[in-house]
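Visitor: Below is the sequence, then the predicted model.
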Amino acid sequence: MQTIVIKAEPERLDADGIRKAAGILRNGGLVAFPTETVYGLGADGTNPRAVLNVFAVKGRPPDNPLLLHISKAEQLDAIAASVPSVARRLVDRFWPGPLAIILQKSESVPREVTAGLDKVGVRMPGHPIALEFLSACGVPVAAPSANISGRLSPTCLEDVIEDLGGKVDCIIDGGNCPVGIESTVIDVTGEQPMVLRPGAVPVEALESVIGPVAVRRSAGSARAVDAESAGSSGGHAPVDRYEHYRPRAPVVLFEGGPDARASALGNEVVRLTSEGKTVGVAALSESIARLKDTVGSRFRAEEMGSASDPSSVAARVFSALRALDRKGVDVILVEGIEESGVGLAVMNRLRQAAGNNIVRCRSDR
Ligand code: TXA
Ligand code: MG
């Protein structure tokens, strides 16, 4: 299959190109499109056959539901059986933006979208190209991240082509995704709202609007709780059953205080390079500078942003790992960051990228 690439610029929306892409989707085709978080792989959410095609092209397990993407909050009323007031408050505060809300689904949502579940996840992205495209589609668009299942989420055209070139009908090129990490997924169907996947909207921001929220244990933070003990129905949701965010090269994650992390990383670079391995390091800019001072430039470096600005790290985390993979390194050493704010989501992704390869460094003090 030939994949058409349509270039769009947020400042100068090419309405013809976007209309063409929307036409392809409405005819049952698959269109990858940029959002502020990551690229999505879109299908007409009212067309079961197109939706099943998304699963086939990604190699996605059939029991992992898709989010529906909309351009107007009013579309929610046709998708959800009911919209509780907690959801309304979240919509008012965070849409358009990187928050996906899980609600009871209405009859109109095909079971192919929700993988047979009676709940549906809905998100209204904040990216101008995404909004323009969704509005031109005129139907809810079912879209997972536009990567092969299990791999890193794509944040630029090159990433999408790498995974899906020749397998999808069209890609809208909107440049780099500014947020760089996926939406926060929150289930509001239980007694207490529960974050199923930490993401670009920090838990602290959610709580400032709706009060205490639970975070599913598998979301991987010190404050996480068991889904069951929080009285939410999100406990057996599908988010964590499969491997995710895996580069080709094995990943080792270094957690702990900044000094301890940097020195353990440096020791590992020396050990692995002396064994003849090509080593990639994805780390904070400060740590890369420090490592170069101590061990020289015997490793391939990708800076992930600054410790003082966790959103800069979120914006770079997937692209840094993909860049090291492209350089063909044998192993990727990656530096963890503090878990507050969007740092929780970054660490959630890094722990999954690393599987069980986590080095917990002794704290600095
Ligand atoms: O930022 C994002 O959310 C991106 C962009 C493209 O919008 N999309 C994305 O989709 O990350 P995906 O499919 O890669 O991740 C959505 C997550 C999955 O872990 C899925 O299991 C969960 O949301 N999810 C979707 N529908 C659900 C439902 N009905 N109940 C529970 N979890 C659901
Ligand atoms: Mg995904």
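Guide: Received it, and whenever you're ready, just let me know what you need. Residues are numbered from 1 along each chain as shown. Ligands and ions are numbered 1, 2, ... in the order given.
Visitor: all helices for the stretch 251-365 of the chain, in order.
Guide: If DSSP state H, counting those that start in this stretch is used as the criterion, the helices of the stretch 251-365 of the chain fall at 258-274, 285-295, 310-326, 343-354.
Visitor: try the stretch 1-150 of the chain
Guide: Under DSSP H, counting those that start in this stretch, the stretch 1-150 of the chain gives helices at 15-26, 48-58, 76-79, 85-94, 111-114, 128-137.
Visitor: And the ones you listed: which comes nearest Pro193?
Guide: Nearest to Pro193 among those is helix 85-94 (5.8 Å), distances taken as C-beta to C-beta. Every residue, glycine included, has its C-beta placed from N, CA and C.
Visitor: For the most centrally placed residue in the chain, grab phi and psi.
Guide: For the chain, Glu182 is the residue whose C-alpha lies nearest the centre (C-alpha atoms, centre = their mean; 2.7 Å). Note on Glu182: its backbone torsions stand at phi -70, psi 170 [degrees, to the nearest 10].
Visitor: For the residue sitting furthest away from the middle of the chain, give me its contacts.
Guide: Within the chain, the residue lying farthest from the chain centre (C-alpha atoms, centre = their mean) is Ser274, at 35.2 Å. Contact analysis of Ser274 by C-beta atoms under 8 Å, 6 or more residues apart in numbering lists nothing.
Visitor: I'd like the numbering to begin with 19 instead of 1 from here.
Guide: In the new count, where the first residue is 19, that last one comes out as Ser292.
Visitor: I'd like the distance between Gly274 and ligand 1.
Guide: Gly274 sits at a distance of 28 Å from ligand 1 (criterion: C-beta to the nearest ligand atom, to the nearest Å).
Visitor: my bad, Leu94
Guide: From Leu94 across to ligand 1, the span is 14 Å (C-beta to the nearest ligand atom).
Visitor: Then Leu48?
Guide: Using C-beta to the nearest ligand atom, we find Leu48 at a distance of 13 Å from ligand 1.
Visitor: thought that residue was touching Gly58?
Guide: No - using C-beta atoms under 8 Å, Leu48 is not in contact with Gly58, being 10.5 Å away.
Visitor: Who has more neighbours out of those two?
Guide: Neighbours per residue (other C-beta atoms under 10 Å) separate Leu48 from Gly58, with Gly58 holding more: 33 against 27.
Visitor: Tell me what that one is bridged to.
Guide: Phe51, Ser163 (DSSP bridges).
Visitor: Spell out which residues of the stretch 19-168 of the chain are next to ligand 1.
Guide: 53, 55-56, 58, 82-85, 116, 118, 120, 132, 135, 137-139, 141, 143, 161-163 (C-beta under 6 Å from any ligand atom).
Visitor: Quick check: Pro328 touching Ile355?
Guide: Yes - between Pro328 and Ile355 a contact is recorded at 6.2 Å, counting by C-beta under 8 Å.
Visitor: So for these two, which residue has more residues nearby?
Guide: Taking other C-beta under 10 Å, Pro328 and Ile355 do not tie; Ile355 has more neighbours (25 against 22).
Visitor: Could you check the pLDDT of the residue farthest from the centre of the chain?
Guide: What the model reports for Ser292 is a pLDDT of 96.
Visitor: Please report the distance of it from ligand 1.
Guide: From Ser292 to ligand 1 the distance is 39 Å (C-beta to the nearest ligand atom).
Visitor: out of the helices of the stretch 19-168 of the chain, deepest packed?
Guide: Most buried of the helices of the stretch 19-168 of the chain, by mean neighbour count (mean count of other C-beta atoms under 10 Å): helix 146-155, with a mean of 23.
Visitor: Residues touching that helix, excluding its own?
Guide: 26, 28, 31, 33, 36-37, 39-40, 43-44, 49, 51-54, 58, 60, 62, 87-90, 114, 142-143, 159, 190, 192.
Visitor: okay, the angle between that helix and helix 33-44?
Guide: 60 degrees (axes from the mean of the first three to the mean of the last three C-alpha atoms, to 10 degrees).
Visitor: Domain-wise, how is the protein divided?
Guide: Following automatic domain parsing, the chain resolves into domains at 22-248, 269-378.
Visitor: Return every residue with contacts to both of Pro328 and Ile355.
Guide: 361, 364.
Visitor: can you put the domains of the chain in JSON lines and add distance to His262?
Guide: What follows is the domains of the chain, written out as JSON lines (distance: least, C-beta to C-beta, whole Å):
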{"stretch": "domain 22-248", "distance to His262": "6"}
{"stretch": "domain 269-378", "distance to His262": "5"}
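Visitor: mind checking which of those domains is nearest Glu261?
Guide: Nearest of the domains of the chain (C-beta to C-beta): domain 22-248, 5.0 Å.
Visitor: Report the mean confidence score over that closest one.
Guide: Here the average pLDDT along domain 22-248 is 94.
Visitor: same thing with stretch 326-333?
Guide: Across stretch 326-333, pLDDT averages out at 96.
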